[in-house]
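J.: Any chance you can model this:
(one chain, ligands or ions: 2)
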Amino acid sequence: MALKIVDRCVNCHACQMVCPTGSIRKGKNDAHFLINQDTCTECVGSYDEPQCSSICPIECAIEFSDGSPVNPFGSLTGLPLDKAPLV
Ligand code: SF4
Ligand code: SF4
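T.: Ligands and ions are numbered 1, 2, ... in the order given. Presented below is the predicted three-dimensional model:
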């Protein structure tokens with residue numbers, strides 16, 4: 001049970017500062033940030049919702065283990081899905 005950061009991450013550092021388990025680190029060679037799959041608890045027992053995705057400003061940058069985005073397109077901007085940027 002762990003969240004995953006994908007390549008839409010813009011390396012803003014915000015999630016790293018709020019993770020209660022210290023599970024987020026910067027990727028090597030300026031790659032996007034990464035979540036330690038062994039220590040991420042999805043914040044269960046610490047907070048009602050994952051703190052990394054709560055503070056992340058980029059839609060679809062963090063995914064559940066099944067690959068679905070925690071913050072899907074439109075969830076932060078309010079834009080309708082047909083206005084979502086192509087990735
Ligand atoms: S879900 Fe919680 S424990 Fe997991 S990386 Fe995000 S902030 Fe850290
Ligand atoms: S808050 Fe979002 S954009 Fe910023 S480093 Fe974390 S995953 Fe990347």
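
J.: which residue is nearest the middle of the chain?
T.: residue 62 (2.8 Å; CA atoms, centre = their mean).

J.: So, low pLDDT: which residues of the chain?
T.: Low-confidence segments of the chain (pLDDT under 70): 86-87.

J.: Can you pull the residues of it lying near ligand 1?
T.: Counting by CB under 6 Å from any ligand atom, the positions of the chain adjacent to ligand 1 are 3, 19-21, 23-24, 35, 40-43, 50-52. Backbone N, C-alpha and C define where each C-beta goes, glycine included.

J.: Among the residues you listed, which are located in strands?
T.: Here DSSP state E is the test, and those give 24, 35 as lying in strands.

J.: The residues of the chain next to ligand 1 in helices, which ones?
T.: Judged by DSSP state H, the subset of the residues of the chain next to ligand 1 located in helices is 51, 52.

J.: Show me which of the residues of the chain next to ligand 1 are buried.
T.: Neighbour counting by 16 or more other CB atoms under 10 Å classes 3, 19, 21, 23-24, 35, 40-43, 50-52 among the residues of the chain next to ligand 1 as buried.

J.: Many thanks, we can stop here.
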